[in-house]
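Asks: Here is a sequence with its predicted model. Questions after.
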Amino acid sequence: MKKLILLLFVVIGLSSCGRFGNEDKKEDHKERIVCISKQYSEIIYALGAEEDIVAVDVSSTYPPEIKDLPTIGYHRALAAEPILSMKPTLILEDNNIGPEHVVTQLKDLKIPMKQFGQYENTIDGTDSLIREMGSYFHKEEKAKELCKKLDDDMNYAKQQGLWYEKKPKVLVIHFGQANNIYLVMTKNSTTGKMIGWAGGEMAVDGERGMTQFSPEVVAQSDPDVILLTDFGYDRLGSTEEVGTLPGISSTRAFKDGKVFRVEEHDMVYLGPRTGENIIELQKLIHGNE
């Protein structure tokens, strides 16, 4: 009973501030979709199929107007109550939600839950996902258009990459909101793929997509460029403050002024704008080369 009261208190407290305080403006819609996937969310908006989305998870931050929607919490630390309060007729999720007991609770309540195909984490796989979602939302022509642009942008980025003589070593730092710690993205991550496509080299290797940030990891990586995702960068407030993180001020990247803020949603999944994002990464990591 005490746990339930505490949970309700947390939910009520969260709902009074930030995106948790956004109003539900779609009460009259017959379909009420809660989307718990930042990748799905961006694709739905790119398709122009967002009309029946009534809430998203807090990591769904693109496009900017998505922040006007109510949020039901962090996708790996969900509670049933905020989701149920949106009266969903459908929950979209990408098999990356938790905790497990909340997922079980939602399934026991017989709320329809849908995943789209589990495609390879490649541009071809992303094209397939966009096309499947386009078919589901009856936006086939728009999906075709998005895939063509993605492929064209990727081809342009690859052509640009032929001009670069060096592969700068890039350290990508991310603030993990769930654990309240700074993390380093590794070569074995979506970000690693993107840095490679942009003509760079991830400064940190590892079996998992992220590893814990430490002065030792920074020293061993010896980066030419440091990228810090938006929440972590904004938490510090400036490039100078980034230098207060252990080990950062002694790096070549910091001394050369090559520390840049990047949007998390541009780095952690592949989507319709991935080609555009890689072109922007090329400008950051290669400069005027």
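Replies: Great, that's in hand. Numbering: from 1, shown residues only.
Asks: Go ahead and name everything in contact with stretch 56-73.
Replies: Residues lying outside stretch 56-73 but in contact with it, judged by C-beta atoms under 8 Å, 6 or more residues apart in numbering, are 14, 19-20, 22-24, 34-38, 41-42, 45, 50, 53-55, 74-75, 78-79, 82-83, 86, 263-266, 273. Where you see a C-beta, it was placed from the backbone N, CA and C, and this is true even at glycine.
Asks: Where does pLDDT dip in the protein?
Replies: Low-confidence segments of the chain, defined by pLDDT under 70: 1-29, 289.
Asks: Surely residue 284 and residue 228 touch.
Replies: No - in this structure residue 284 lies outside contact range of residue 228 using C-beta atoms under 8 Å: 11.6 Å.
Asks: so what sits against both of the two?
Replies: With C-beta under 8 Å, 6+ apart, residue 284 and residue 228 have common neighbours 260, 262.
Asks: who's more crowded, these two?
Replies: residue 228 (25 against 17; other C-beta atoms under 10 Å).
Asks: what kind of secondary structure is the more buried one in?
Replies: strand (DSSP: H, G, I helix; E, B strand; the rest coil).
Asks: In contact with it, which residues?
Replies: 172, 173, 174, 236, 242, 259, 260, 261, 262.
Asks: before we move on, what about residue 232?
Replies: Residue 232 sits next to 173, 174, 175, 182 when contact means C-beta under 8 Å, 6+ apart.
Asks: Strands - which of the residues you listed land there?
Replies: Here DSSP state E is the test, and those give 173, 174, 175, 182 as lying in strands.
Asks: wait, the first one sits on residue 186?
Replies: No - between residue 173 and residue 186 no contact is recorded; they are 11.7 Å apart, counting by C-beta under 8 Å.
Asks: now the strands: where do they sit in the chain?
Replies: Along the chain, the segments classed as strands by DSSP E run 33-36, 53-56, 90-93, 113-114, 169-176, 181-185, 201-202, 210-212, 225-229, 259-262.
Asks: Dump those into JSON lines; add distance to residue 154 as well.
Replies: As requested, these are exported to JSON lines (distance: least, C-beta to C-beta, whole Å):
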{"stretch": "strand 33-36", "distance to residue 154": "25"}
{"stretch": "strand 53-56", "distance to residue 154": "27"}
{"stretch": "strand 90-93", "distance to residue 154": "26"}
{"stretch": "strand 113-114", "distance to residue 154": "28"}
{"stretch": "strand 169-176", "distance to residue 154": "19"}
{"stretch": "strand 181-185", "distance to residue 154": "21"}
{"stretch": "strand 201-202", "distance to residue 154": "19"}
{"stretch": "strand 210-212", "distance to residue 154": "25"}
{"stretch": "strand 225-229", "distance to residue 154": "20"}
{"stretch": "strand 259-262", "distance to residue 154": "19"}
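Asks: Which of those sits closest to residue 219?
Replies: Checking those against residue 219 by C-beta to C-beta gives strand 169-176 as the closest, at 10.9 Å.
Asks: So which bits of that closest one are buried?
Replies: Of the residues in strand 169-176, those with enough neighbours to count as buried (16 or more other C-beta atoms under 10 Å) are 169, 170, 171, 172, 173, 174, 175.
Asks: Turn the ones in strands among the contacts of residue 232 into TSV, columns for distance to residue 61.
Replies: Formatted as TSV, the ones in strands among the contacts of residue 232 follow (distance: C-beta to C-beta, whole Å):
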residue	distance to residue 61
173	18
174	14
175	14
182	19
